[in-house]
Structures are given as structure tokens and as C-alpha cells.
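Enquirer: Pasting the sequence and the predicted model now:
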Amino acid sequence: MPKMPKSSEPDRQTRILDAAESAIAESGFAGASLRDIVQEAQVNLATVYYYFGSKVGLMEAVLKRRFGPLRQEHLAMLGKFEAAARGRPLPVEQILEAMLLPPLRLAAKAPAKRQAVTRLIGRIVTEPNPQIQKVLTGQRAEVRAAFLRALQHSLPKASLPALLWRVEFVWGALAFALCNPGKIEIETHGACDLTKTDEVLAEMIHFFSPGFRALARNAG
């Protein structure tokens, strides 16, 4: 296939990714039609395969674009805390802050940006397709491993299953909050506002940290 003009490549790729993200958020991975995606992006099918190789490759690119910066922020924040600790175990509260703050900042961004991400998260969480889960797991593996190591360093006597349960509870609550910001505000009659990042962070740390700290007490 002849090389496409470089000047047009970013625009084409952006249109394809935007169309794919919208289709996946609306219909899930299996239901997202490549035919609809290329029509929306105003390209042909060969162009999609040229850039992304396959439908799975396109999905990987969609997730990388949306969650890549989040992954970098997670690792940077945890790394900053660990550097300051100089090898000492981090307090559970600080580990939770590094886990929770980057996504909560994302939730507080401009509505258009927030809506694009939360719709995608909502589809992934509520309709887990095996291929989506495999791609997502691969992209989250480094972040999950980093936080698990930090927790094991902080709570060395805690069993691995107990830590993993609690980590899943944290990610699950966070995903629910990101997917349902309007629902939370309606259910609480405006008392809980996900855009108040500092307040939400404090409440989540206050709720989750005793569950992790209980592992140290029980182990002792």
C-alpha cells in the first residue's frame, strides 16, 4: 500500500480513534461495527488496517490514548512518594492517594473530556467482553503491580488474597464513581459532588484505609 501523506496522518488517526471510541462506548467491542467506524471517520477500511492492523489493535489504541496519560500520572505520583520515603514503607493513606487522585482529577475536568472517558469506562465495566478485558488488563498491569508492591511493603504480614480483595474494592468503587457521577449527585440530592476532588479523595481514603490497616492488626 502506498505511503499516505504525513500531513494527513494525525487527522485521519484522530478521526478513526474518535469514531471507534464512540462506537465502543455505545455498543461494546463486539457490537462496534468497523463499517460504522470508517463511515463516521470518513476513511476506508484499508486505512484502519493500515494504522491499527486489526479491530483489536484499534481497541488497544483507543484505550492507550485515553488511559495512557492516567497510567503515567499514577506511576509518577507513586514514584514521587516512594522517592521521598527513601526506602521506608509508605503509609496506606499515601498509597491510596496515589491510586485515587489521578482518576478523580480526570473526573473533575471539563464536561466534554469527562464524558468521553466515563462513557468508555462505563461500557468496559458494565459489559465486560473477554477481548476488551485482555487488552485492558495488559495496559493496567504495570500500575496494578506497582501499587500491589507498595501495599505489600507497607503491610508485609498481610496475605496476598486479602490485599487483592481490597485493591479490587478500591478500583471498583472508583470505576462506579467515574461511570455514574450524575447518578451519585441525584441519589445524594447534591450532597456528593464528584468534581470536588479534595473532598472526594478525603472521603475515599477515610473509608478504605481502615480496611487495609486492619490487615496489620489481624496479622499481629
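Expert: Received, thanks. Numbers count the residues shown, from 1 in each chain.
Enquirer: can I see the domain layout of the protein?
Expert: For the chain, the structural domains run 1-53, 66-219, going by automatic domain parsing.
Enquirer: Can you report how many residues neighbour Glu73?
Expert: 17 (other CB atoms under 10 Å). (Glycine included, C-beta is placed from N, CA and C.)
Enquirer: Now the helix or strand where it lies: average pLDDT?
Expert: Using DSSP states H and E, Glu73 sits within helix 55-85. For helix 55-85, mean pLDDT rounds to 92.
Enquirer: ranking the domains of the chain by mean pLDDT, which is last?
Expert: Taking the mean pLDDT of the domains of the chain, domain 1-53 comes last: a mean of 85.
Enquirer: re the thing from before, report all helices and strands that the helix holding Glu73 contacts.
Expert: In terms of contacts (3 or more CB pairs under 8 Å, 6 or more residues apart in numbering; DSSP states H and E), helix 55-85 is packed against helix 9-31, helix 45-52, helix 92-107, helix 111-126, helix 130-154.
Enquirer: cutoff 10 Å now
Expert: If you count contacts as 3 or more CB pairs under 10 Å, 6 or more residues apart in numbering; DSSP states H and E, helix 55-85 packs onto helix 9-31, helix 34-41, helix 45-52, helix 92-107, helix 111-126, helix 130-154.
Enquirer: Looking at those, spot the one closest to Ile186.
Expert: helix 111-126 (15.1 Å; CB to CB).
Enquirer: Leaving out chain neighbours, which residue sits closest to the residue positioned nearest the centre of the chain?
Expert: The centre of the chain sits closest to Phe67, judged by CA atoms, centre = their mean, with a distance of 5.5 Å. Closest residue to Phe67 apart from its sequence neighbours, by CB to CB, 6 or more residues apart in numbering: Gln139 at 6.0 Å.
Enquirer: just to revisit the earlier point, any chance of the domains of the chain in CSV, plus distance to Met59?
Expert: As requested, those are exported to CSV (distance: least, CB to CB, whole Å):
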stretch, distance to Met59
domain 1-53, 6
domain 66-219, 6
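Enquirer: Could you tell me the end-to-end distance of stretch 176-195?
Expert: 14 Å (CA to CA, to the nearest Å).
Enquirer: which residues are in contact with that stretch?
Expert: Here stretch 176-195 makes contact (CB atoms under 10 Å, 6 or more residues apart in numbering) with 100, 103-104, 106-109, 111, 114-115, 117-126, 199-200, 203-204.
Enquirer: hmm, 8 Å instead?
Expert: 103-104, 106-108, 114, 117-118, 121-122, 125-126, 199-200 (CB atoms under 8 Å, 6 or more residues apart in numbering).
Enquirer: go on, stretch 40-55?
Expert: 1, 4, 9, 12-13, 15-16, 18-20, 22-23, 29, 32, 34-35, 37-38, 58, 60-61.
Enquirer: The residue nearest to Phe67 and Lys64 touch, don't they?
Expert: Yes - the criterion here is CB atoms under 8 Å, and Gln139 meets it with Lys64 at 6.4 Å.
Enquirer: Counting neighbours, go ahead and name the busier of these two.
Expert: Between Gln139 and Lys64, counted using other CB under 10 Å, Gln139 has the larger neighbour count: 17 against 14.
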